Structure formats: C-alpha cells, structure tokens
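A.B. asks: Give me a 3D structure for the following:
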Amino acid sequence: MSEVWDCCGPVQRWRNLRYQDRWMALRGQNIHYYKSANAPSPRHIMDLFGAVLTNGAGLVFSLRGPYIPQGEIKMKAPSEKEKNKWYTALDKAIATAKPGLIDANLQREPSLSGFGSASFRTGNGLATGVSPLSRSDFSPPQTPPSLQSPPPSSPRLGSP
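C.D. replies: Prediction:
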C-alpha cells in the first residue's frame, strides 16, 4: 500500500466469537479495513462521523456508530503502544469528523441489498460500508391500479 495514512497497522477484530487478524488504515475520518496488509482493496470503509470510541480492558477498544458495520466493531491491538497510537488517532478523527465526507478516492454506489447500506468502489475493487441513506430516500414501487388484482373473497364465518 503506497498511500499516505494518518495511522495504519495490524489489529485483531472480534468476529464469530474469536479475534481475527486484520489490517486497518485511517485517513481523515475514514477507516479502511483490510483482510491483510497486502490485500488489493479494503473490505469495508467506515465513516467515523457520529462514532463513539470506547477504551476496553487490556489491549481492547471499540467503535460504535451509525456508519460502522453492524453498529459496532471491537478491536484488539498487538501492544499497549499500538493501542495508544490507534486510540489517539481515532479520537482525533472522530472529534473533527463532518457529515458526508467519504474518502475522495471512492465513488458511492447504492447497494441493492437493503436500506441504509451502500457499496463504495475503489480503484482496486469493491468495498462495502454503510452510507447515510435512510428509508425515506427510497419509495416502494407502485403498481398501477389496472394491474392490481381484486382482494380474494372469503366466506363469512357464521353465515349459511
């Protein structure tokens, strides 16, 4: 990765009842989350606007927020020095985060998988994250009255 990052390094992410080794990089108010240090594209890009950083026991820290997948991500640093580095960088990024500042290298593409989620395409591939879309941004498809079928008739209970 030849890009300039505010902070980057290995972390472990709590997932499926165990910690998994991952690589994370912070630029501005966006965390780029990779499966490994030499992965060609991020798995997620998370906007820190509205996020809350929590200092856990030992080497653990977590992020909760509206643009974090599943609402929360729990991480474990490899050392106390790395935890302090990440905690300081994330705290600064959250304090200065502004709404709608997804990384300039990304193009937003609404996801077809559901409301409130979006995909972000990078130069190397596809990364998913959560966008500030809400249910009010979409309206359900309307069926023209001529194509609507009449409600099924049902016999009344208690009638002969």
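
A.B. asks: Give me the buried positions along the strand or helix carrying Y19.
C.D. replies: Using DSSP states H and E, Y19 sits in strand 18-27. For strand 18-27, the neighbour count (16 or more other Cβ atoms under 10 Å) marks R22, W23, M24, A25, L26, R27 as buried. (C-beta placed from N, C-alpha, C; glycine too.)

A.B. asks: Helices of this protein, residue ranges please.
C.D. replies: Along the chain, counting by DSSP state H, helices occupy 80-96.

A.B. asks: low pLDDT regions in this protein?
C.D. replies: Residues of the chain meeting the criterion pLDDT under 70: 1-3, 101-160.

A.B. asks: what lines up beside the strand holding Y19 in the sheet?
C.D. replies: Sheet pairing of strand 18-27 (DSSP bridges) gives strand 7-15 (antiparallel), strand 30-34 (antiparallel).

A.B. asks: Looking at those strands, which is nearest to K81?
C.D. replies: Nearest of those to K81, taken as Cβ to Cβ: strand 7-15 at 10.4 Å.

A.B. asks: who touches the closest one?
C.D. replies: 1, 19-26, 33, 37, 73-78, 82, 85-86, 89-90 (Cβ atoms under 8 Å, 6 or more residues apart in numbering).

A.B. asks: Find the nearest non-adjacent residue to D91, please.
C.D. replies: Closest residue in space to D91, ignoring its immediate chain neighbours: L53 at 5.7 Å, by Cβ to Cβ, 6 or more residues apart in numbering.

A.B. asks: With V11 instead?
C.D. replies: Distance criterion Cβ to Cβ, 6+ apart; nearest residue to V11, sequence neighbours excluded, is M75 at 4.6 Å.

A.B. asks: give the contact list for K35.
C.D. replies: Contacts for K35 (Cβ under 8 Å, 6+ apart) come out as R22, W23, R43.

A.B. asks: Wait, A93 touches L48, no?
C.D. replies: Yes. If you go by Cβ atoms under 8 Å, A93 and L48 touch, sitting 5.2 Å apart.

A.B. asks: G50 contacts I68, doesn't it?
C.D. replies: No. Look at G50 against I68 with Cβ under 8 Å: they stay out of range, at 9.2 Å.

A.B. asks: These two: which has the busier surroundings?
C.D. replies: Legend: neighbour count by other Cβ atoms under 10 Å for G50 and I68, higher for I68 (21 against 14).
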